[in-house]
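Engineer: fold the following.
(one chain, ligands or ions: 1)
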Amino acid sequence: MKIAQFQMHVYEEKKKNLRQLEDYMKRIEQEQVDMIALGEMFNCPYVTQKFPDYAEKEGTESWEICSALAKQYHVYLSAGSMPEKDEAGRIYNTAYIFDRKGKQIAKHRKAHLFDIDIEGGQYFKESDTLTAGDSCTVFETEFGKMGLCICYDLRFPELSRMMVEQGARVIFVPAAFNMTTGPAHWELLFRSRALDNQCFVVGTSDARDESAEYVSWGHSLLVSPWGNIIGEMDEKEGYMIHEIDLKYADKVRRELPLLNARRKDIYREELHRR
Ligand SMILES: O=C(O)CCC(=O)C(=O)O
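Structural biologist: Next up is the predicted model:
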C-alpha cells in the first residue's frame, strides 16, 4: 500500500486550502498512491475562535470537494480534520475518510480536547469552542482494517489499543503539535503507540508557519510496527510517499507476541484495591 502524506500550508482563506489540496493531488498523480493523508484542521487556521466561522455541516463544501477529489484520483483520502457543525450548532474537530469512489467510510470526532497551559510555553483551549466526540473509530479497506484519531487523542493509549483490538494494523493521525510539545514528545509518542500496538502509525501535520497564531511543529512521520521511523519530514511544506506492507504488522506480532501475551486477568483495578 502506497501512502502519500501532504504537509500543507494552512491559508486564512478556506478555498485556497482546498485548491492547494487539488494541486498536491495533481502533482503526485503519476505516483499511483493508494492513500493520501492530510493534517489537522487543514482547511482552517488552528485558532479556537475561528472554528465556528469555518465549521461546515457534513456533506457540504469541504466535504464535497474531498469526496470528489478521492473519486477523481481514485484514492483513499484521510481528509485531515476540519471544523464540523452539527444540527444543534455544536462544533467538533472532525476527521473523514473517503474511499476510492468518494464514499465516506469513516468519521472521527476528536474525543480528547486539547486544553493545555504550559508555563512559559503553549496555551490552548479547544473546549472554548469545541465539543468532544465519543467514539473509537475503525474502518475497513481493501488492505484491511485501519484506525483513526486526531492529534491529542494519540496521547491516550487506551484509544489506540481499542482500535488495535478491533483489528487495526494502521492508525491515521491528522495532527499539529506545537513548538513546546513537538520537540519534547512528537516522535516519542508516535513511536510509543506504534511499539505498544505493533502497528503502523501515520502522523500528518500541517506545515510550520512562524507568523501563525499557533505554530505547528510539522515533522509529519510514518512509524513501523517495530517502532522505527520509516520517514519523517522537516517543518516545511511538501509531501512524502512510502510503500508499506500491512503483513509486516502480522510478522512483528507473530515474532514478538505482545498482544497475545497480555495478562488481562491481572489488569483489573478491582482486584488490587486495598
Ligand atoms: O498533544 C500535544 O502536544 C499537541 C496536541 C494538539 O496540538 C492537538 O490536539 O491539536
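Engineer: which stretches in the stretch 151-274 of the chain count as helices?
Structural biologist: Ranges of helices in the stretch 151-274 of the chain, per DSSP state H, counting those that start in this stretch, are 157-165, 181-197, 247-255, 269-272.
Engineer: which residues does Tyr152 contact?
Structural biologist: Applying CB atoms under 8 Å, 6 or more residues apart in numbering to Tyr152 gives the contacts 110, 112-114. Quick note: C-beta positions are derived from backbone N, CA and C, even for glycine.
Engineer: gap between the residue nearest to Val10 when sequence neighbours are not counted and Ile97?
Structural biologist: Take Val10 and drop its neighbours on the chain: the residue closest to it by CB to CB, 6 or more residues apart in numbering is Asp206, 5.0 Å away. Distance of Asp206 to Ile97, computed by CB to CB, to the nearest Å: 18 Å.
Engineer: give me the more crowded residue out of these two.
Structural biologist: Asp206 (29 against 24; other CB atoms under 10 Å).
Engineer: the more buried one against Ala37, yeah?
Structural biologist: No: using CB atoms under 8 Å, Asp206 is not in contact with Ala37; the gap is 11.9 Å.
Engineer: anything in contact with each of the two?
Structural biologist: By CB under 8 Å, 6+ apart, Asp206 and Ala37 have these common neighbours: Gly80.
Engineer: return the residues in contact with Gly121.
Structural biologist: So Gly121 contacts 180-181 (CB under 8 Å, 6+ apart).
Engineer: so it: helix, strand or coil?
Structural biologist: Of the three states, Gly121 takes coil under DSSP: H, G, I helix; E, B strand; the rest coil.
Engineer: do you know the pLDDT at it?
Structural biologist: As predicted, Gly121 sits at a pLDDT of 89.
Engineer: how about the helices of the stretch 151-274 of the chain, which one is nearest the ligand?
Structural biologist: helix 181-197 (3.1 Å; CB to the nearest ligand atom).
Engineer: quick one: contacts for the residue in the stretch 1-150 of the chain positioned nearest to the ligand?
Structural biologist: Closest approach of the stretch 1-150 of the chain to the ligand (CB to the nearest ligand atom) occurs at Phe114, with a separation of 3.5 Å. Counting by CB under 8 Å, 6+ apart, Phe114 makes contact with 124, 126, 151-152.
Engineer: now for the closest residue in space to Tyr76 that isn't next to it in sequence, how many residues are close by?
Structural biologist: Using CB to CB, 6+ apart and skipping residues adjacent in sequence, the residue nearest Tyr76 is Met35, 4.2 Å away. Met35: 24 surrounding residues under other CB under 10 Å.
Engineer: pLDDT of stretch 138-148, averaged?
Structural biologist: When pLDDT is averaged along stretch 138-148, the result is 98.
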